[in-house]
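Novice: Pasting the sequence and the predicted model now:
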Amino acid sequence: MTTGLGIDAVHGEHLLREMLRIRRFEERCVELYSETKIRGFMHLYIGEEAVAVGAMQALTADDAVVATYREHGHALARGLPAAEIMAEMFGKAEGSSRGRGGSMHIFDVGRRFYGGNAIVGGALPLAVGLALADALAGRPRVTACFFGEGAVAEGEFHESLNLAALWNLPVLFCCENNLYAMGTRLERAESEVDLTLKAAAYEMPAWPVDGMDVLAVERAAGAAASSVRAGAGPHFLELRTYRFRAHSMYDPELYRTKAEVEEWKERDPIGGFVARLGAERLVDDARVAAIEAEIAAELDAAIAFAEAGTEEPVEDLERFVYSEGVR
Amino acid sequence: MTTGLGIDAVHGEHLLREMLRIRRFEERCVELYSETKIRGFMHLYIGEEAVAVGAMQALTADDAVVATYREHGHALARGLPAAEIMAEMFGKAEGSSRGRGGSMHIFDVGRRFYGGNAIVGGALPLAVGLALADALAGRPRVTACFFGEGAVAEGEFHESLNLAALWNLPVLFCCENNLYAMGTRLERAESEVDLTLKAAAYEMPAWPVDGMDVLAVERAAGAAASSVRAGAGPHFLELRTYRFRAHSMYDPELYRTKAEVEEWKERDPIGGFVARLGAERLVDDARVAAIEAEIAAELDAAIAFAEAGTEEPVEDLERFVYSEGVR
Amino acid sequence: MTASIAAALSPDVAEPATTTYREACRAALRAALLADERVFLMGEDVGRYGGCFAVSKGLLDEFGPERVRDTPLSESAFVGAGIGAALGGLRPIVEIMTVNFSLLALDQIMNNAATLLHMSGGQCAVPLVIRMTTGAGRQLAAQHSHSLEGWYAHIPGIRVLTPATVDDARWMLGPALADPDPVLIFEHGSLYNASGVVSPDGSGIDIARAAVRRPGRDVSIVTYGGTLPHCLDAAVRLADEGIEAEVVDLRVLRPLDDAAIRATVARTHRVVVVDEGWRSGSISAEVSARIMEQSFWELDAPVERVCSAEVPMPYARHLEEAALPRAPAIVAAARRTVRGG
Amino acid sequence: MTASIAAALSPDVAEPATTTYREACRAALRAALLADERVFLMGEDVGRYGGCFAVSKGLLDEFGPERVRDTPLSESAFVGAGIGAALGGLRPIVEIMTVNFSLLALDQIMNNAATLLHMSGGQCAVPLVIRMTTGAGRQLAAQHSHSLEGWYAHIPGIRVLTPATVDDARWMLGPALADPDPVLIFEHGSLYNASGVVSPDGSGIDIARAAVRRPGRDVSIVTYGGTLPHCLDAAVRLADEGIEAEVVDLRVLRPLDDAAIRATVARTHRVVVVDEGWRSGSISAEVSARIMEQSFWELDAPVERVCSAEVPMPYARHLEEAALPRAPAIVAAARRTVRGG
Ligand SMILES: Cc1ncc(C[n+]2csc(CCOP(=O)(O)OP(=O)(O)O)c2C)c(N)n1
Ligand SMILES: Cc1ncc(C[n+]2csc(CCOP(=O)(O)OP(=O)(O)O)c2C)c(N)n1
Ligand SMILES: [Mg+2]
Ligand SMILES: [Mg+2]
């Protein structure tokens, strides 16, 4: 039975759970970072969960995902086991990239999750190429490519959008506009801040979406993905969102006010969604508590898995520079 | 006295002479190339003369010009002596770049002519920087940046337009749309072929201009340049033109028909302009013949100058890698 | 893709025994496109124009626009798309018109093609071939005359090939495409018109080992690519003086064939390394350093390098020629190693 | 620019004698901005964010947004704009946040900054300084751990500086800005928190010569930048074994200080070259090749190299540490040169 929200309880709970998994996973990560279990650069997705979770609903197992260094959320929503992601951040051999990638380079080719790319804009051409492979093979697949609004200023953005549009390739460009690239606000990075106009310059269908509303994202991504899959060429979504935390673990946040952050927190994608589900009686407090408990258990297990993980032998340092046994 | 064309005889003759100088200069270059006096890559501007000549009218001696490898026309129209350009192409020490640059790298800093750049799109950031220097110093100058429509696909184009617009810099972007980048027609390079829409994505004023009509180019460039000079930020002109000759001296022109070329030749910017001037009785055949004779003499002298030029001593090979006597 | 699959099944045309380097490159591309429908060629003007250096002429007609793809001027995007297509199961051959423009794609090459396998813990192999023209000598001046193949050889995760003979031009592409990892192939612009013999099946041609192009006992001249003809020329001149030079063609700049380098030093005890890159930081430096490490006690004289002058290449012919490593300088260096200072 | 001109005229604040590398970098920037109104700083997040590594913190407030310019993520355009601004009479300091992103600007650096002077026949000098953070060691994995300064040193037309001490961090910027040609300054990320003494006026600090950081007679350890502390550490350990190592800090990777290299070889006759680049094609190869050419007959043992393993840098700490040149490997190499195999 669907409701005024257009979804049933099972699906509502699914979306909520997926967003909560990301939130709680990253909260744990922060603790583990202070304990120096996790090192290097770590970028949190907290506040933006509705984007990855909503968009992922539009994809099938055959579709591909390409993301950035802020990709814990995308990896979790794509179905990568939390344990493997955590082990990766611990630098363990059991991690999704055997501990060689860390937080910024989560990969799972079996799930068609092609990273975790730490060069802003650098993964867009990869998404175009993955889509080209599908197009040439006649496979009705979509490649979803996530990137921040900061990437829009990079030449690679422009080249990639043009190429995808020119060749009518099945790419769903998901621009996560959280208003800041590190400390640089969009207005100080782009002369034209309506990002859908960028896509229009390539004759690419584009629309803005409330990225704090998981259902809005799901709807928009669903519509765009079916259009892409049907052969209408690449589409562009500007997902308007906000990161609640610092850019990375080293950011003193000099560039924005606490008040601004607090204002956006009132639009928390999770809190708001819980309230809407509650209003429609799709979940109640007890159910939320149960979900939280399940997630806590999942994360306890993930951390235990990561802790128990092994280190790659130092002798294997030079493995995976070239493919093995095939030359 | 101005006429129906909106110009007087002196100015009409000036524009005609400038276009003819380019045409005849390059015709000589072709001969000299077969004689192997000129070597390397050489790109002819024949057919596009109205663009450089028309646009240059909008600039003062203080303004700057940045161009491409197809820049004989811009160099001549900017006032570089034909003799120095020719000597450059002969690889002589008396050349505008002492024979170190050749056809693709004509420089004359005294005339604020900053090359001659052979990387497609590579000079756009330079133009932005030159304009930045003027803006920071509060000098009301314009930097005119010429590039082909092929450059629009490059990331550097996009980054440069955004930066210039974001910082409100005095750049006049002159896109010479001759429909082809080597053998690749615009439709096969851009998903959206209306190039003014590219500029619009940066909130930059942009308009298309008939690049075969020197007066139209002059008018458009004049309007755009004054607006730029007045502080209205960068402007973008799409100058629609056509190259009558091959891309370079090695191009078998497999990608377009002779008929198409002939069709465009009917819109020859020089022939058409002579006819219009004639109709307005601003020049007659005798005058044109006189101009031709003067140009022929100028070019004879230029070639003689180049022939008589000297070679840089081989011992000086490593000069100009670093500045001299100042470290 | 159906039309092109049909084309792929059509019988191959017999190849002549003597041909040019250009024709050999084209024959290699054609054979690759015929042999494996996952292979496609993309780059600027590879199709309708026929290739900037006429290498791919005719391939568009034969294989169609899906498999011979003209790209916009977007080096970063189409190289990156090649990487993505390789991840997606294809076997792309990406042509970057010349090495000079490859700088625009360096982020994709170093940060993606070369790293994806490692940073994914072995999951993301990138079976991609990137071809480009390299080198100076045609009066194209500072922005169009780079020789960066030795510089590229610094990057772990890629393989760097430099076919110098017509036979290598014909037969290195196949194993490059069979390689599961990214391979960069550098074709020196001055070689396209060279002619030579092509072996019927390329047996003996691999993408791992150096080759002795001329045997000799007095001094080794180690080189590759565009300077091989000049080294062979120098060897002839040296022979006139009674110095027998062994000319070693590295063929593969990454990984270097250490065994071949060691072996030639063991035979001659004197070495001149020649390449067209700028001297400081050239691949010749690496070869020299390896000889220092591997064969120091075998040396009868210090290893010499003959490289390009450290200048952005000038246009004027006499200056360009003076900047490039040519037979007289090679002969002089060889003579020094044999006869002293 | 009026406000900032006023600032430039205000008296300088006395600098403390002991400070961190980060503070020294900032003091250098501040002094440069105060001293010359043509100087400005631009790059990603140099302003409001305070600099990715907090180097430029406070400068926006002091000098305003015209002279401390936050740029969009457009490495190619803002580096190129720096070149253009230099042509236009300014003295830009362009910050590329880290060397890893500089690949996106390589076309501008190699094809414009490094060539404009030459291909214009001496007309277009480019007085530009480009700063960037370099290096590994902080578990940032394959795309954020490059050490490419030695690789950049291959390019004629630029100067490459690698301040390794707090004093150099403070005083190399001034002469770099006074240089009429493009200068690249590489700051190793692991050094920012290091502290050391700053001389009051930087007398004796140039951008041309190498420096002996520790004298010794038995073996020379030649290095620069981020590996200098590890080499000094190795020298201490070697001293415990009775081996006195001389530690030479190259400071300038292009042009290399040949005289200093020759001099240290003449003193010790044994050399270990250490750098954090990948071994093949490293600047260490160049140093080794030059010693081969300049000082072959002086050597009592082959020159050794200790560089990074040839892998895209792995994230896991133990693997990254194993990949990097550290004291134990340096000690072992020095020992080999002194005591043999
Ligand atoms: C090419 C490049 N330049 C700079 C950086 C440093 N950097 C890392 S994240 C970031 C901000 C990116 O902002 P945005 O694209 O909006 O993504 P967000 O972090 O907001 O998710 C910057 C500048 C980088 N990783 N790559
Ligand atoms: C970055 C780069 N890629 C490729 C080339 C090779 N190339 C030289 S000119 C040219 C076509 C450029 O076309 P366009 O910008 O339209 O200018 P036009 O030649 O038509 O004047 C190409 C592909 C180059 N010089 N630079
Ligand atoms: Mg952002
Ligand atoms: Mg064109």
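Specialist: All right, it came through fine. Ligands and ions are numbered 1, 2, ... in the order given.
Novice: Mind exporting the C-alpha coordinates of stretch C:256-267 to CSV?
Specialist: What follows is stretch C:256-267 as a C-alpha-only set of coordinates in CSV (Å, rounded to 0.1, in the frame of the first residue of the first chain):
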residue,chain,number,x,y,z
LEU,C,256,63.9,-1.5,-19.3
ASP,C,257,65.6,-4.6,-20.4
ASP,C,258,68.4,-4.8,-17.7
ALA,C,259,69.7,-8.1,-19.0
ALA,C,260,70.4,-6.7,-22.4
ILE,C,261,72.0,-3.6,-21.0
ARG,C,262,74.2,-5.7,-18.8
ALA,C,263,75.1,-8.0,-21.7
THR,C,264,76.2,-5.3,-24.0
VAL,C,265,78.4,-3.7,-21.3
ALA,C,266,79.9,-7.0,-20.7
ARG,C,267,80.8,-7.3,-24.3
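Novice: wait, does it contact chain A?
Specialist: No: remark: stretch C:256-267 sits outside contact range of chain A, by Cβ under 8 Å from any Cβ of the partner chain, the gap being at least 13.9 Å. Every C-beta, even on glycine, is put in place using the N, C-alpha and C of the backbone.
Novice: So which residues of the stretch 101-250 of chain A form helices?
Specialist: A:124-137, A:155-166, A:196-200, A:214-227 (DSSP state H, counting those that start in this stretch).
Novice: For the second one, name the packing helices and strands.
Specialist: In this case it means helix A:155-166. If contacts are counted by 3 or more Cβ pairs under 8 Å, 6 or more residues apart in numbering or on different chains; DSSP states H and E, helix A:155-166 sits against helix A:124-137, strand A:171-177, helix A:196-200, helix B:155-166, helix C:75-87.
Novice: Can you confirm whether the third one lies near chain B?
Specialist: Yes: judged by Cβ under 8 Å from any Cβ, helix A:196-200 and chain B are in contact via A:197-198, A:200.
Novice: returning to that earlier point: mind checking which of the helices of the stretch 101-250 of chain A is nearest residue D:169?
Specialist: Set against residue D:169 and scored by Cβ to Cβ, these come closest in helix A:155-166, at 31.6 Å.
Novice: what's around residue A:310, how many residues?
Specialist: 10 (other Cβ atoms under 10 Å in any protein chain shown).
Novice: Nearest to chain B within the stretch 101-250 of chain C, name that residue for me.
Specialist: residue C:139 (3.7 Å; Cβ to the nearest Cβ).
Novice: Then the stretch 1-150 of chain C?
Specialist: Chain B sits closest to residue C:49 of the stretch 1-150 of chain C, with a gap of 2.9 Å, by Cβ to the nearest Cβ.
Novice: Report the contact partners of that residue.
Specialist: With contact set as Cβ atoms under 8 Å, 6 or more residues apart in numbering or on different chains, residue C:49 has these partners: B:182-184, B:251, B:254-255, C:70.
Novice: Could you pick out the buried ones from those residues?
Specialist: Buried subset of the contacts of residue C:49 (neighbour count, 16 or more other Cβ atoms under 10 Å in any protein chain shown): B:182-184, B:251, B:255, C:70.
Novice: Okay, and the residue nearest to residue A:319 when sequence neighbours are not counted sits in which element?
Specialist: Spatial nearest neighbour of residue A:319, excluding adjacent residues (Cβ to Cβ, 6 or more residues apart in numbering or on different chains): residue C:122 at 7.0 Å. Assigned by DSSP states H and E, residue C:122 belongs to no helix or strand.
Novice: so residue C:122 makes contact with residue A:320?
Specialist: Yes: if you go by Cβ atoms under 8 Å, residue C:122 and residue A:320 touch, sitting 4.4 Å apart.
Novice: and the longest helix along chain A, average pLDDT?
Specialist: In chain A, taking DSSP state H as the definition, the longest helix is helix A:9-34. Averaged over helix A:9-34, pLDDT sits at 98.
Novice: tell me the angle of that helix relative to helix A:214-227?
Specialist: With axes from the mean of the first three to the mean of the last three Cα atoms, to 10 degrees defining the directions, helix A:9-34 sits at 100 degrees from helix A:214-227.
Novice: Nearest approach to ligand 4 belongs to which of the helices and strands packed on helix A:155-166?
Specialist: helix B:155-166 (12.9 Å; Cβ to the ion).
Novice: Off-centre distance for that closest one?
Specialist: 21 Å (Cα atoms, centre = their mean, to the nearest Å).
Novice: Same check on stretch A:231-240?
Specialist: With Cα atoms, centre = their mean, you get 16 Å for stretch A:231-240.
Novice: is it anywhere near chain C?
Specialist: No: judged by Cβ under 8 Å from any Cβ, stretch A:231-240 and chain C are separated, with a smallest distance of 12.5 Å.
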